[in-house]
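# Build me a model from this:
(chains A and B)
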There are 2 protein chains.
Amino acid sequence: MSSEEQIEKDKFYMGHALMLAEEAFKKGEVPVGAVIVCRDKIIARAYNLTEALIDVTAHAEMQAITMSANELGGKYLQDCTLYVTVEPCVMCAGALGWAQIRRVVYGCSDEKRGFSAFAPQALHKRTIVTKGVREEECKLLMQQFFKQRR
Amino acid sequence: MSSEEQIEKDKFYMGHALMLAEEAFKKGEVPVGAVIVCRDKIIARAYNLTEALIDVTAHAEMQAITMSANELGGKYLQDCTLYVTVEPCVMCAGALGWAQIRRVVYGCSDEKRGFSAFAPQALHKRTIVTKGVREEECKLLMQQFFKQRR
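Prediction:
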């Protein structure tokens, strides 16, 4: 696959994650959406449910990891790519590290809670990270959410 | 409460976490057990279930956090203490940070995966950490498990 094809594919799957983030927004949840793709198939779709489930562990990524393992029948995600609208936090990066996920693609950075500032070694050493895919759309959704809440 | 009383109490609750770790051991899981105590009452008991549930997120601490939030009806654990036999990993420390737990007490350190080396700021800044409670028993259980597996 050429790098142009890869970029188009990344934008496409991030579009799915964005739709899920919009669902979260509508439900009063911090708008983060995620999909996990394995061999060109979406095997998990999730959005943040921390308020609805009253559970800090119910981030989009955590749910998507659990769903993917169920789907694949194994706990390692070495053939999978996570697309998530916002940079994963320390908790989610730790989980992605345990899952040995192949690739992590995220939209906008999270300077306050993102793993890259607080736990840069949390992911598996072979995991490839791509950031900034559809960054503005992902960021705008977060900004709108927090503006509304003020 | 005097510091002697606190030490005795910590040993007592770590005893419960140790019993749970032994259950994990019997079931072929990495032997880590955890309890969460709120105002002198155990509100959650859990042990590592990553193999049984085929889920890297099923650490004892993660389950205990979710259970405690259910029990309390709120996602913050500011009046709670976690007792866990082994130092929490980056994922679990991140979750404990989100939950703003009051205190974390652990038995033995985990040099390879423990949060203190890889994400020292993962916990909430007001969380108090106590380590080394019944350390030898906690460590022995882990050593026996990995020896058996070799």
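
# Could you look up the SS state of the residue nearest to the spatial centre of chain A?
Using CA atoms, centre = their mean, the residue of chain A that lies closest to the mean C-alpha position is A:V84, 2.3 Å off. Put simply, A:V84 is strand when judged by DSSP: H, G, I helix; E, B strand; the rest coil.

# State the distance from it to B:D55.
Taken as CB to CB, to the nearest Å, the spacing of A:V84 relative to B:D55 amounts to 18 Å. Just so you know, the C-beta spots here come from the backbone N, C-alpha and C atoms, and that holds for glycine as well.

# ditto for A:S116
Taking CB to CB as the criterion, A:S116 is separated from B:D55 by 25 Å.

# who does the helix or strand encompassing A:Q144 touch, helix- and strand-wise?
Using DSSP states H and E, A:Q144 falls within helix A:135-149. With contacts defined as 3 or more CB pairs under 8 Å, 6 or more residues apart in numbering or on different chains; DSSP states H and E, helix A:135-149 has these neighbours: helix A:3-26, strand A:80-86, strand A:103-108.

# Can you point out the buried residues in it?
Residues of helix A:135-149 classed as buried under the neighbour-count rule (16 or more other CB atoms under 10 Å in any protein chain shown) are A:137-139, A:141-142, A:145.

# how about the residues of chain A that lie near chain B?
Residues of chain A found near chain B, taking CB under 8 Å from any CB of the partner chain as the criterion, are A:50, A:54-57, A:62, A:65-66, A:69-70, A:73-75, A:89-95, A:97-99, A:118-119, A:121-122.

# show me the contacts for the residue nearest to the centre of chain A.
When contacts are counted by CB atoms under 8 Å, 6 or more residues apart in numbering or on different chains, A:V84 is found next to A:17, A:32-34, A:60-61, A:64, A:92, A:104-107.

# Test my guess that A:P88 contacts A:A60.
No. At 9.2 Å, A:P88 does not count as touching A:A60 under the criterion of CB atoms under 8 Å.

# Save the buried residues of helix A:135-149 as JSON lines, and put in pLDDT too.
Output for the buried residues of helix A:135-149, formatted as JSON lines (pLDDT from 0 to 100):
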{"residue": "A:E137", "pLDDT": "98"}
{"residue": "A:C138", "pLDDT": "98"}
{"residue": "A:K139", "pLDDT": "98"}
{"residue": "A:L141", "pLDDT": "98"}
{"residue": "A:M142", "pLDDT": "98"}
{"residue": "A:F145", "pLDDT": "97"}
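
# Kindly reformat those as JSON lines containing distance to B:A46.
Conversion of the buried residues of helix A:135-149 to JSON lines gives the following (distance: CB to CB, whole Å):
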{"residue": "A:E137", "distance to B:A46": "38"}
{"residue": "A:C138", "distance to B:A46": "34"}
{"residue": "A:K139", "distance to B:A46": "37"}
{"residue": "A:L141", "distance to B:A46": "34"}
{"residue": "A:M142", "distance to B:A46": "32"}
{"residue": "A:F145", "distance to B:A46": "32"}
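
# Tell me the one among these nearest to B:V133.
In terms of CB to CB, no member of these lies closer to B:V133 than A:M142, at 40.2 Å.

# A:A52: what's it in contact with?
The contact partners of A:A52, by CB under 8 Å, 6+ apart, come to A:27, A:29, A:58.

# Repeat the analysis, applying 10 Å as the threshold.
By CB atoms under 10 Å, 6 or more residues apart in numbering or on different chains, the contact set of A:A52 is A:24, A:27-29, A:58.
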